[in-house]
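Visitor: Okay, here's the prediction I keep looking at, along with the sequence it came from:
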Amino acid sequence: MEARRERHRVSPLLLVLVAVVTAAGRCGAQVPVPARTVGFVYGGQAWAPAWGEAVVVEAFFDPLCPDSRDAWPPLQRAADHFGARRVAVVVHLFPLPYHSNAFIACRSIHAAHKLNASAVYPLLEKFFKYQEDYYNAPTYIKTRAAVVAEIANNLVTPIIGEANLAAYIAGFNDSRSDQAARISFKFGCARGVTGTPYYFVNGIPLNDLDFPLNYDKWISTLDPLVGKM
């Protein structure tokens, strides 16, 4: 519990990964430019919000992170309070390297998104609800294939329907879902993200606020900005 409350403590491993990504960029290794803007807009919009038209909250979440799980309901409630025209919430998937199955979870969400964009948030919430089943310890003796199959059957199928399961599996195994999950992680590293949840409001990182951010804190943070729009 104590470790969870120190969300903003920088992971040495993650700092090394960020440094590697940065160094690779300096050596000429360009992070691939995706065909669509990185992230998933909350509220049913298929497009990313235009800067200047709404207050934009970007949240970096790991589907298997308990702090991300606890952080989503108050942010979602605040987003619903303001509405998408005034506050646009964009979730970026950021699989933490010390969560063994986080990359699989992120890749699953990208694969489901290809089938149905409206499946993203229900599936993310499904991961949050059952994430303890996919922590490191419960899956320690399971193969990667077994974990992938369990996620497909237990989490994905109830969202997309059994008729779409074969298409989902094909999409999960496609290199494009792998690439999308990698780009999402590299995107976070390039912006200095060192843990989850991690927030930007109108492009500015929220480093000095107390965590976790509850509903009242989100309202007090966003309301003055909305009033200036």
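Guide: Looks like it arrived, so ask away.

Visitor: what's in contact with the strand or helix carrying residue 55?
Guide: Per DSSP states H and E: residue 55 is located in strand 55-61. Residues outside strand 55-61 that contact it (Cβ atoms under 8 Å, 6 or more residues apart in numbering) are 39, 49, 68, 71-72, 75, 79, 82, 86-94, 124, 188, 193, 196-203, 222, 225-226, 229. Using the backbone N, CA and C atoms, a C-beta is placed for each residue, glycine as well.

Visitor: Can I have the buried ones of the residues you listed as a PyMOL selection?
Guide: To isolate the buried members of those in PyMOL, using 16 or more other Cβ atoms under 10 Å:
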select buried, resi 39+49+68+71+72+75+79+82+86+87+88+89+90+91+92+93+94+124+188+193+196+197+198+199+200+201+222+225
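
Visitor: Reduced to three states, what does the residue lying closest to residue 84 once chain neighbours are set aside come out as?
Guide: Of all residues beyond its chain neighbours, the one nearest residue 84 is residue 43 (3.9 Å), with distances taken as Cβ to Cβ, 6 or more residues apart in numbering. Put simply, residue 43 is coil when judged by DSSP: H, G, I helix; E, B strand; the rest coil.

Visitor: okay, stretch 137-146 in PDB with CA atoms only?
Guide: What follows is stretch 137-146, C-alpha atoms only, in PDB (Å, rounded to 0.1, in the frame of the first residue of the first chain):
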ATOM      1  CA  ALA A 137       2.300 -13.600  -9.200                       C
ATOM      2  CA  PRO A 138      -1.000 -15.300 -10.300                       C
ATOM      3  CA  THR A 139       0.400 -15.700 -13.900                       C
ATOM      4  CA  TYR A 140       4.000 -16.600 -12.900                       C
ATOM      5  CA  ILE A 141       3.700 -20.300 -14.000                       C
ATOM      6  CA  LYS A 142       1.500 -19.600 -17.000                       C
ATOM      7  CA  THR A 143       2.700 -19.300 -20.600                       C
ATOM      8  CA  ARG A 144       2.300 -16.100 -22.500                       C
ATOM      9  CA  ALA A 145      -0.100 -18.000 -24.900                       C
ATOM     10  CA  ALA A 146      -2.200 -19.000 -21.900                       C
END
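
Visitor: Off-centre distance for it?
Guide: With Cα atoms, centre = their mean, to the nearest Å as the basis, stretch 137-146 stands 22 Å off its chain's centre.

Visitor: List the buried residues for that stretch?
Guide: Result for stretch 137-146 [16+ other Cβ under 10 Å]: buried residues residue 139.

Visitor: so where do the helices sit in this protein?
Guide: Using DSSP state H, the helices of the chain run over 2-5, 12-26, 66-82, 102-115, 120-130, 144-151, 157-160, 165-173, 175-190, 215-227.

Visitor: Got the confidence number for the residue nearest to residue 84?
Guide: Note on residue 43: pLDDT of 84.

Visitor: measure residue 142 to residue 200 for me?
Guide: Going from residue 142 to residue 200 by Cβ to Cβ, to the nearest Å gives 35 Å.

Visitor: May I ask which helix or strand of the chain has the lowest mean pLDDT?
Guide: helix 2-5 (a mean of 39; mean pLDDT, DSSP states H and E).

Visitor: for this protein, which spans come out with low pLDDT?
Guide: 1-29, 44-51, 209-211 (pLDDT under 70).
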